[in-house]
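Visitor: Pasting the sequence and the predicted coordinates here, then a few questions.
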Amino acid sequence: MNLILRLVRIYLKPHKMAFFLVLSAAMVSSLAPFTLAYLSKIMVDDVLGIGQPGQGATAEVPDHNTGPAAENDVLSGLESGGPDQDTKIRETKPEGVGDPEDIDGRPEQAPQSGRESRIQMLWMVFVLYVGLRVVFAALGWGYSFGINRIGQEVVYRLRQDVYAKLQSLQVSYFDRYQTGKIMSRVMDDVNVVQSSVSGVFISFFTNVSTLIVGAVILLQINTNLAAIALMTLPFYVVAYQFFRRRIRYVSRLIREQNASLYGTIGDSVGGVRVVMSFARELRERRRFFSDLAEYLRLQIRNSVYNTSLGVLCGLISGVGTTLIIYYGILSVRDGHMTLGEFLYFYGSVGFLFTPVVALSNMNAHLQWVMTAVTRVFQVLDEEVRIYDPEDAFETDSVYGEVIFHNVSLKYSDNGPYALRHVNFAVFPGQMVCLVGESGAGKSTLANLLLRLYEPGEGRITLDGVDLKTFAMASLRRHVRMVPQEPFLFSGTLAENIRYGQPDATPNDVVRAAKSAELHDFIMSQPARYETHLGEGGVSLSGGQRQRMALAMTLITDPSVLILDDSTSALDAVTESRIHRTLEHIQAHRSTFVITHKISMARRADLILVLEKGRVVEQGTHEFLVTKQGAYFDLFRSQLSETELREESAEEYV
């Protein structure tokens, strides 16, 4: 419940005036049934004059009709098209009494005046009924529009905040969750929060107000019948408490399973090529079917609980209503209340039970909302561990000196070291190659340079300044990485190349494409640089995507360049050309290259050999070969293959 209050305080409070107006309209509209029921009482008691106190429902009409009974006959004759009114009056006169006359000798007009007054009252009730219907319809429209508007604005801001928080979180958060599960929190869970504005907040207040007003009206009409009606309310509370925890638990499981479904769909769609290439379509269908079947099972279980609660509440209200009808008819018969009062009471008690049932059913919706709100605030409350300090350092130029001072890193407090006691220095114009088996810590080391992770021990300096003191935007303008698996956005080739440098000129785009050996391919396309790419660059080959990623990085002219095995998908000739380009552009920048290829490592000024997060060897190619350690074993395993590839590339060039 604290999260609901927090949601109200942060996201509903800015709309408090509009919310108050909407709530007022909703509460007034909720009183419409009582108002219209009261008009029915007037129709029965005052217009028709049926069932007045003392007569009972089965009272016999005397031979000589006088008073209200006579008036009833008059009105009945009027409505049924029976005998002429004057004839009816004569038939009901006491024997021996002549026609009543006033002092002028004219017939008395009292019966005629009574009829006219009732017809006037009928017209007044009709006009009032139509007017109230119009007013309540207008209030209902205003309520519906207002609550939808508030809900949309709350969702708009909440979704912005969640998305902004995701953009500020460290990479380790995304390592823990599937993309589909994250998407479900941004979209589905926030949509549930929107429905809570009307489904929980407004409904709660309107139902409570209806319950209070209804109870007051019932007590005013007939205390004994009201006591019978109110005696049923504790049974609702018991039923609610019995099902509350069960419904809340199942609602949480449903939200989690819904997120799991998103994750399964995201995996299978994102990796559709892998699925097809391994002919694993049946396996993915079974996986999706299993998740979907579990989702269905939970939904049925939730439906059983909610339906049982609703049926139980309906049974309680049914028993209470039956008792009210029984004792109410007896009260009318004995003259303790009029027929109109009974109908008014009966109509009102129905509207009294309705909000009670709605409040009990609201429990299911509330638990659903609570689960969604909890998941949304889990994102908003996620600790941001990598952030700009208050006096963050910003610079327009970076020299490029990088030093690791006894750096260690764990992904989790209780996990193993991903890097341990790493020490080395790199200076502008130097190229450092990181080699080692998969999982040795090469990409982790590179990610530290971008502050995608931060070391648990030690520190990293750039031009003598600790990376933690840099403003991240400033740091990442000067340190760029070409990932091993590049991601391209929907858009044109030119838009993707200038992604990191939006103000780049067309000449800058062409220059970057030429440096990445991509210009000739682009010029062969029908639309050239305006060629549109599909999502993720699906229309490009693996090598072309790597060259696109290289062009996206080179256009930003970074002082520290990181290549994460970014030439692995290139042919030998293209790779050789890019090596020449890199040799040219790295003259005034520090370059880190993650590779498994000796052909790249032998060009490096410094080679770091990593094993299980430790730097076990470092030095030049010649030094490490002479040492005949871990690097020498890697060199010997690739020697013949590397030499043949380089010879073929040199012959082609």
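Guide: Looks like it arrived, so ask away. Residues are numbered from 1 along each chain as shown.

Visitor: Please count neighbours and contacts with C-alpha atoms only from this point.
Guide: OK.

Visitor: I'd like the distance between residue 138 and residue 131.
Guide: Separation of residue 138 from residue 131 (Cα to Cα, to the nearest Å) stands at 11 Å.

Visitor: hang on, I meant residue 595
Guide: As for residue 595, its distance to residue 131 is 81 Å (criterion: Cα to Cα).

Visitor: How many residues are close by residue 506?
Guide: Counted with other Cα atoms under 10 Å, the burial measure for residue 506 works out to 12 neighbours.

Visitor: going forward can the numbers begin at 501, since that is how I track them
Guide: Right, with 501 as the first residue, what we last looked at is residue 1006.

Visitor: the more surrounded of residue 1095 and residue 631?
Guide: More crowded of residue 1095 and residue 631, by other Cα under 10 Å: residue 1095, with 22 against 12.

Visitor: who's in contact with residue 759?
Guide: 680, 681, 682, 684, 685 (Cα atoms under 8 Å, 6 or more residues apart in numbering).

Visitor: swap that for residue 928, sorry
Guide: Taking Cα under 8 Å, 6+ apart as the test, what residue 928 contacts is 899, 900, 901, 1087, 1088, 1089, 1090.

Visitor: In the stretch 851-1000 of the chain, mark out all the strands, start to finish.
Guide: Remark: strands of the stretch 851-1000 of the chain, listed N- to C-terminal, are 902-910, 917-926, 931-936, 957-962, 965-966, 979-982, 991-992; assignment by DSSP state E, counting those that start in this stretch.

Visitor: Run through the neighbouring helices and strands of the longest one.
Guide: Packed against strand 917-926 by the contact rule (3 or more Cα pairs under 8 Å, 6 or more residues apart in numbering; DSSP states H and E) you find strand 902-910, helix 942-949, strand 1114-1119.

Visitor: counting contacts, what elements does the second one pack onto?
Guide: Contacting helix 942-949 under the criterion 3+ Cα pairs under 8 Å, 6+ apart are the following elements: strand 917-926, strand 931-936, strand 1060-1064, strand 1090-1094.

Visitor: do the last one as well
Guide: Based on contacts counted as 3+ Cα pairs under 8 Å, 6+ apart, the elements that strand 1114-1119 packs against are strand 917-926, strand 1106-1111.

Visitor: and residue 530, which of the ones you listed is closest to it?
Guide: When the helices and strands packed on strand 1114-1119 are ranked by proximity to residue 530, the top entry is strand 917-926, at 62.3 Å, counting by Cα to Cα.

Visitor: picking that back up, quick one: which of the contacts of residue 759 has the most company?
Guide: Ranking these using other Cα under 10 Å puts residue 685 first, with 25 neighbours.

Visitor: I'd like to know how far that residue sits from residue 717.
Guide: 45 Å.

Visitor: where's residue 819 relative to residue 739, distance?
Guide: To residue 739, residue 819 is 15 Å away according to Cα to Cα.

Visitor: Neighbour count for those two, which is higher?
Guide: Applying other Cα under 10 Å to residue 819 and residue 739 shows that residue 739 carries more neighbours, namely 17 against 12.

Visitor: Am I right that that one is in a helix?
Guide: Yes: applying DSSP: H, G, I helix; E, B strand; the rest coil, one finds residue 739 inside a helix.

Visitor: Chain neighbours aside, what residue packs nearest to it?
Guide: Leaving aside its chain neighbours, residue 739 sits nearest to residue 809 (6.7 Å; criterion: Cα to Cα, 6 or more residues apart in numbering).

Visitor: returning to what we had before: in TSV: the helices and strands packed on strand 917-926, plus mean pLDDT, distance to residue 850 and mean neighbour count.
Guide: Rendered in TSV, the data for the helices and strands packed on strand 917-926 read as follows (pLDDT from 0 to 100; distance: least, Cα to Cα, whole Å; neighbours: other Cα atoms under 10 Å):
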stretch	mean pLDDT	distance to residue 850	mean neighbour count
strand 902-910	93	64	20
helix 942-949	90	66	21
strand 1114-1119	92	76	18
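
Visitor: Select, out of those, the one closest to residue 1055.
Guide: Comparing those against residue 1055 with Cα to Cα, the closest turns out to be helix 942-949 (19.4 Å).

Visitor: Dump that closest one to PDB, keeping only the CA atoms.
Guide: What follows is the C-alpha trace of helix 942-949 in PDB, where atoms were taken according to Å, rounded to 0.1, in the frame of the first residue of the first chain:
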ATOM      1  CA  LYS A 942      39.200  -9.200 -22.300                       C
ATOM      2  CA  SER A 943      35.900  -7.500 -23.000                       C
ATOM      3  CA  THR A 944      35.400  -6.700 -19.300                       C
ATOM      4  CA  LEU A 945      38.700  -4.800 -19.300                       C
ATOM      5  CA  ALA A 946      37.500  -2.800 -22.400                       C
ATOM      6  CA  ASN A 947      34.100  -2.100 -20.800                       C
ATOM      7  CA  LEU A 948      35.900  -0.500 -17.800                       C
ATOM      8  CA  LEU A 949      37.400   2.100 -20.100                       C
END
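
Visitor: So what touches it?
Guide: Defining contact as Cα under 8 Å, 6+ apart, one finds that helix 942-949 is touched by 918-919, 934-936, 953-955, 960, 967, 979, 1062, 1064, 1092, 1094, 1110.

Visitor: repeat for stretch 785-804
Guide: With contact meaning Cα under 8 Å, 6+ apart, stretch 785-804 is reached by 747, 750, 751, 753, 754, 757, 758, 760, 761, 764, 765.

Visitor: any idea which element the residue nearest the centre of the chain lies in?
Guide: Taking Cα atoms, centre = their mean, the centroid of the chain lies closest to residue 690, which sits 1.7 Å from it. Secondary-structure assignment from DSSP states H and E places residue 690 in helix 690-696.

Visitor: For that helix, name the packing helices and strands.
Guide: With contacts defined as 3+ Cα pairs under 8 Å, 6+ apart, helix 690-696 has these neighbours: helix 610-668, helix 839-880.

Visitor: which of the ones you listed is buried the deepest?
Guide: Relative to the other members of those, helix 839-880 carries the highest mean neighbour count by mean count of other Cα atoms under 10 Å, namely a mean of 21.

Visitor: picking up where we left off before, which ones among the contacts of residue 759 map onto strands?
Guide: Using DSSP state E, no member of the contacts of residue 759 falls in strands.

Visitor: Looking at these, which is nearest residue 531?
Guide: Checking the contacts of residue 759 against residue 531 by Cα to Cα gives residue 685 as the nearest, at 37.5 Å.

Visitor: tell me the domain boundaries of the protein?
Guide: When the chain is parsed with automatic domain parsing, its domains come out as 502-559+614-880, 902-986+1053-1152.

Visitor: need those in TSV with distance to residue 1031, can you?
Guide: Formatted as TSV, those follow (distance: least, Cα to Cα, whole Å):
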stretch	distance to residue 1031
domain 502-559+614-880	23
domain 902-986+1053-1152	18
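
Visitor: rank the ones you listed by mean pLDDT and give me the bottom one.
Guide: Least confidently modelled of the domains of the chain is domain 502-559+614-880, at a mean of 80 by mean pLDDT.

Visitor: Quick check: end-to-end length of that domain?
Guide: By Cα to Cα, the extent of domain 502-559+614-880 from end to end equals 15 Å.

Visitor: May I see the helices and strands packed on strand 917-926 organised as a markdown table, with distance to residue 1040 added?
Guide: Listed next are those as a markdown table, based on distance: least, Cα to Cα, whole Å:
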| stretch | distance to residue 1040 |
| --- | --- |
| strand 902-910 | 35 |
| helix 942-949 | 25 |
| strand 1114-1119 | 37 |
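
Visitor: of all these, which lies closest to residue 711?
Guide: Checked against Cα to Cα, the stretch from the helices and strands packed on strand 917-926 lying closest is strand 902-910, at 57.9 Å.
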